[in-house]
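Trainee: attaching a predicted model along with its sequence, questions to come.
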Amino acid sequence: MNPLVVLAKLAVENYIKEGKVIESPKDLPEEFLKRKAGTFVTIEKDDKLRGCIGTYLPTRINIAEEIIRNAIAAATEDYRFDRIQIGELPYLFFTIYILSYPELVKNLKELDPKKFGIIVKTGPLAYSNQENVAFDNTIPYKTGLLLPDLEGVDSVDQQIFIACQKGGIDPAQEKIFIYRFTVEKYQ
């Protein structure tokens, strides 16, 4: 099993059983202890989503800490599901996504739902005519995110529609910016 998947599994098991947040293991590959990135942790049970939470920009000191936090949040804070119970632990399947830094999409031809995830944002910059707007995470306007290569998401239009839905965004009424990102996926 991949060490990042093991990390997420241990984080969830420890938190659910003992209410404790584990520390980052020192024996992880060095890049995960030194590098910062946003991560998502998806938890499935019986081939059905059981929790998914993440960060598209880093909020912790390294990827390992990001995964620990997001794994616990996916198990306990995903508003779509009840908190994971001890009896479910042996039946959980984890997927870890490490996200690249989001880049502004200037043309929808730059998108591919199998290769790129997207972030759709509204906000004060979305109402300007600027051509090259850097990713802004400082102002809490509406945001919707969709990971790449999801089953049933086969077109760019479908990907944008779902991301807007997730963010409570009406693209017919609100100006949006679309950002794309790639992922390193571990199962």
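Mentor: Cool, got the structure.
Trainee: would you say residue 49 is within a strand?
Mentor: Yes. Secondary structure assignment places residue 49 in a strand (DSSP: H, G, I helix; E, B strand; the rest coil).
Trainee: near it, how many other residues are there?
Mentor: 13 (other Cβ atoms under 10 Å). Any C-beta I mention is one placed from the backbone N, CA and C, and that applies to glycine too.
Trainee: cool, the one 5 residues further on as well?
Mentor: The burial metric for residue 54, expressed as a neighbour count using other Cβ under 10 Å, is 22.
Trainee: run through the residues that contact it.
Mentor: Residue 54 makes contacts with 38-41, 70, 74, 97, 99, 145, as judged by Cβ atoms under 8 Å, 6 or more residues apart in numbering.
Trainee: apart from its neighbours in sequence, what residue is nearest residue 35?
Mentor: Nearest non-adjacent residue to residue 35, counting by Cβ to Cβ, 6 or more residues apart in numbering: residue 63, 5.4 Å away.
Trainee: how much space separates that neighbour from residue 174?
Mentor: 33 Å (Cβ to Cβ, to the nearest Å).
Trainee: who has more neighbours out of the two?
Mentor: Legend: neighbour count by other Cβ under 10 Å for residue 63 and residue 174, higher for residue 63 (26 against 18).
Trainee: you'd agree the more buried one is up against residue 36?
Mentor: Yes. If you go by Cβ atoms under 8 Å, residue 63 and residue 36 touch, sitting 6.9 Å apart.
Trainee: quick one: the longest helix seen in the chain to chain centroid distance?
Mentor: Ranked by residue count, the top helix of the chain under DSSP state H comes out as helix 3-18. Relative to the centre of its chain, helix 3-18 is centred 18 Å away, using Cα atoms, centre = their mean, to the nearest Å.
Trainee: what does that helix contact?
Mentor: 1, 20-22, 24-25, 28-29, 32, 41, 43, 63-64, 67-68, 70-72, 74-76, 84-86, 89, 92, 94-96, 98, 186-187.
Trainee: which strands or helices does the next helix or strand after that helix pack on?
Mentor: The helix or strand immediately downstream of helix 3-18 is helix 30-34, counting by DSSP states H and E. Counting contacts by 3 or more Cβ pairs under 8 Å, 6 or more residues apart in numbering; DSSP states H and E, helix 30-34 is packed against helix 63-76.
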